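**Student:** Quick check, what structure comes out for this input:
(one chain, ligands or ions: 1)
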Amino acid sequence: MTDDPTAALIAFIRGRLDEREQRAQRQRRVRDFYREPCPRCGRPADGFGSAIDEGAAARITHQGDPLGCALTAEEWAAFGDGGPTPEATAQLRETEVDRSLLQEYQNLLSAQQENARETAEQGEHDTLRGEADYIAAGLRVLERWAWRKAAIWADHPDYQPAADTTIPES
Ligand SMILES: [Zn+2]
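**Tutor:** The predicted structure follows:
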């Protein structure tokens, strides 16, 4: 734990972002594998159900055999996993954008604190950077955030990517 409220705030948000990422990673679609041969027995797959077997990820059912075959997590990932849901994909992208904004906030904050320290050491007539510099830097951070946020919906018909000249990276 820390006495610094900003550090505590950032740590708190990081923790929630980690949780959101973990939830999103579990939201996956099931691939359409109807009538494809079962990876266990080769009979046509009829459907699937959750596994009751320890260590199994799912059960592939067959016509006339509703219990079917138990698949390990690796077998299920190779056979039945259809990738993240569209909602999960958006949440994962959003988590990355939130993390990058948090990182930019931290970077700007420590640069400002470092500057304030050095300015105090050198006296007030020898200011290294003024507050106005941080307003400009803060605006650039927010501009990058806005473009990254928009890129989450890059598949939307109204989406327009940033021109290379408007958004310097980092
Ligand atoms: Zn089978």
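**Student:** how close does Arg26 sit to the ion?
**Tutor:** With distances taken as Cβ to the ion, to the nearest Å, Arg26 is found 25 Å from the ion. Any C-beta I mention is one placed from the backbone N, CA and C, and that applies to glycine too.
**Student:** actually Pro86, not the one I wrote
**Tutor:** According to Cβ to the ion, Pro86 stands 30 Å off from the ion.
**Student:** For this structure, what lies in contact range of the ion?
**Tutor:** For the chain, the residues in contact with the ion (Cβ under 5 Å from the ion) are Cys38, Arg40, Cys41, Cys69.
**Student:** Okay, the last one and Arg31: tell me how far apart.
**Tutor:** Cys69 sits 16 Å away from Arg31, going by Cβ to Cβ, to the nearest Å.
**Student:** next one: the first one
**Tutor:** In this view, Cys38 and Arg31 are 14 Å apart by Cβ to Cβ.
**Student:** Now Glu21. Nearest residue, chain neighbours left out?
**Tutor:** Sequence neighbours aside, Thr95 is the residue nearest to Glu21 in space, at 4.8 Å (criterion: Cβ to Cβ, 6 or more residues apart in numbering).
**Student:** quick one: contacts for that neighbour?
**Tutor:** Counting by Cβ atoms under 8 Å, 6 or more residues apart in numbering, Thr95 makes contact with Leu17, Arg20, Glu21, Ala24.
**Student:** Which ones among these lie within strands?
**Tutor:** Among the contacts of Thr95, no member falls in strands (criterion: DSSP state E).
**Student:** Out of those, who's the most crowded?
**Tutor:** Most neighbours among the contacts of Thr95, by other Cβ atoms under 10 Å: Ala24, with 20 neighbours.
**Student:** quick one: contacts for the most centrally placed residue in the chain?
**Tutor:** Centroid check for the chain by Cα atoms, centre = their mean gives Leu92 as the closest residue, at 2.9 Å. Going by Cβ under 8 Å, 6+ apart, Leu92 touches Glu21, Ala24, Gln25, Pro84.
**Student:** how about CSV for the residues of the chain next to the ion, with secondary structure, neighbour count and pLDDT added?
**Tutor:** Shown next, in CSV, are the residues of the chain next to the ion (DSSP: H, G, I helix; E, B strand; the rest coil; neighbours: other Cβ atoms under 10 Å; pLDDT from 0 to 100):
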residue, secondary structure, neighbour count, pLDDT
Cys38, coil, 20, 97
Arg40, coil, 17, 95
Cys41, coil, 13, 97
Cys69, strand, 21, 97
